[in-house]
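Participant: based on what follows, work out the 3D shape:
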Amino acid sequence: MSNIFEYKLKVRDYECDAQGHVNNANYQHYFEVTRHEFLESGGLNFYQLHQQGIDAVVARVDIRYKIPLIGMDEFICTVKQIERQNVKYIFHQEIYRVSDNALCAKAKIEVVNLVNGKLSKPEVFDKAFAEFI
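Facilitator: Now for the predicted structure:
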């Protein structure tokens, strides 16, 4: 399966733990940055959406760690697939190390949408994701 979206990043030294590996919590940051960049590529600005009363909120995260990234590794974070189940969107994402294309982590991230603080299915996301769902 090809990727819907890819975003290249580089490990910063302060993201690593005492063993020299990227701390597990930083993978969630990488996945989040990539989803935000994906929205931007589709013309949706996370901050502007918030100003309109539309917020995408992570409801659940399942990350499978495969091979650790280490300091200064370059990597590609992907959005492979998006599903919609009722009021939630499910993002399937992966991280690959650039040097050897090794799969480092994969995630299934569930996102719900609030419109003016109320759980909702906002049309703006349905339109933006239409070709991918």
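Participant: find the nearest non-adjacent residue to Lys8, please.
Facilitator: Ile76 (5.5 Å; C-beta to C-beta, 6 or more residues apart in numbering). The way it works is simple: take the backbone N, C-alpha and C, and place the C-beta from them, glycine included.
Participant: no wait, Ile63
Facilitator: In space, Ile63 comes closest to Ala107 once its chain neighbours are excluded; the distance is 4.6 Å by C-beta to C-beta, 6+ apart.
Participant: bridged to that neighbour, which residues?
Facilitator: Residues found in beta-bridge contact with Ala107 (criterion: DSSP bridges) are Ile63, Gln93.
Participant: circling back to that earlier point, part of a strand, is the residue nearest to Lys8?
Facilitator: Yes. Under the criterion used here (DSSP: H, G, I helix; E, B strand; the rest coil), Ile76 sits inside a strand.
Participant: next up, the contacts around it.
Facilitator: Under the criterion of C-beta atoms under 8 Å, 6 or more residues apart in numbering, the contact list for Ile76 reads Glu6, Tyr7, Lys8, Leu9, Ile95, Tyr96, Val98.
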